[in-house]
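>>> I would like to see how this sequence folds:
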Amino acid sequence: MLVRVSYCIYISLYITTQVYKFLIYTWYTCRISIIYSIHTQLIKHHNNMTLTIDVVDAKTKDHSTPSNNLILEPTIDEIPKELLVGNDYINASRNDSEFVKFSWSRLVEIIGQNQLQLLGRLPSDLRKYLVWKSKIIKQYGSVVNFMFQDRLHWGPEKELAVPKGINLFEYRSDYKILMNDFPYGFEDGIIHIVVWTKIMIPKLADAADLTEIAREQLQRFVECTFQDPLEMLPKDILWFKNWAALMSIREIDHFHVLLNRPPIDSRLIEILDHDDVDVDLKLAQVDSRARALLC
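Sure, this is the predicted structure:
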């Protein structure tokens, strides 16, 4: 009798073990199948994928920014030829290993000598930017339309783009402070910010440079907006405005602010416009201290 009971228990355990193994095998097989299916679909639809999550459907998503971590690694062949102007074809054809990132001391030299044409993006970031630009043009008609509608929220109604004041920085609603979605190829810890304004920044007659009054206005703005709140030294802050030939978006006036290893805390976040999105991710892309905070 005892032998029969032991045998029945053994048979039950054996059957249970086999059923368990079968369930594990089935789960593992289905998981592999799903992963393979997703991988296949990603490859199949690679060329038709949108570059950012938030630009997929402008009607159902809260409009936001392109984020480099959401963009596939494009090749030079994916960039429309009409967008490869000037040295873009040569630069976009290179590998990142051939690019020397701009150090802070080098930036001080370039901006001090007004040699702004020397600035540029990493080859991989340049390719991402140009592919993103081509997608945006197809969807919005132009990058300017995208900027007005989704980044600056100064459109599509024309009255939203009309300044409230007549002087630069007179009203907070007349300008926006945003992270650069496609920053230049700077060394780690250099934060690239763009200040967009509804009011045109005064330039000299040849439009090649700013008037002296405009320079003083921008300098005071940078001091009051960045230097004092962040308690940074003047030597760790640079600003510049590209002349027309170097501007990728000429219809909306703007200038660039560079911060050398600013404090990565709420003070910096407060300076940026609150409708700027993915700020943590953008900071993490260019600053190892911000990456550490995300871990």
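>>> Then K282 would be within a helix, right?
Yes - according to DSSP: H, G, I helix; E, B strand; the rest coil, K282 belongs to a helix.
>>> Three-state assignment for the most centrally placed residue in the chain, please.
For the chain, D181 is the residue whose C-alpha lies nearest the centre (C-alpha atoms, centre = their mean; 2.7 Å). For D181, the assignment made with three-state DSSP gives coil.
>>> Could you identify the helix or strand that succeeds the helix or strand bottoming out on mean pLDDT in the chain?
Lowest by mean pLDDT, DSSP states H and E among the helices and strands of the chain is helix 2-44, with a mean of 45. The helix or strand immediately downstream of helix 2-44 is helix 88-92, counting by DSSP states H and E.
>>> other SSEs contacting that following helix?
Counting contacts by 3 or more C-beta pairs under 8 Å, 6 or more residues apart in numbering; DSSP states H and E, helix 88-92 is packed against helix 123-140. Every C-beta, even on glycine, is put in place using the N, C-alpha and C of the backbone.
>>> tell me which strands and helices the helix it packs on is in contact with?
Against helix 123-140 (3+ C-beta pairs under 8 Å, 6+ apart) you get helix 88-92, helix 143-146.
>>> List just the one of those helices that sits closest to V100.
helix 88-92 (12.6 Å; C-beta to C-beta).
>>> Is the closest residue to K241 other than its chain neighbours bridged to anything, and to what?
Leaving aside its sequence neighbours, K241 sits nearest to F255 (C-beta to C-beta, 6 or more residues apart in numbering; 4.0 Å). Per DSSP bridges, the residues bridged to F255 are V195.
>>> residues touching F255, list them.
By C-beta atoms under 8 Å, 6 or more residues apart in numbering, F255 lies in contact with 194-195, 201, 218, 239-241.
>>> Figure out the length between the terminal residues of stretch 140-147.
Stretch 140-147 has an end-to-end distance of 10 Å (criterion: C-alpha to C-alpha, to the nearest Å).
>>> what residues does that stretch touch?
For stretch 140-147, using C-beta under 8 Å, 6+ apart, the contacting residues are 133, 136-137, 139, 149, 155-156, 196, 248-249, 251-252.
>>> go on, stretch 183-190?
99, 101-104, 107, 119-122, 125, 192, 258-261, 285-289.
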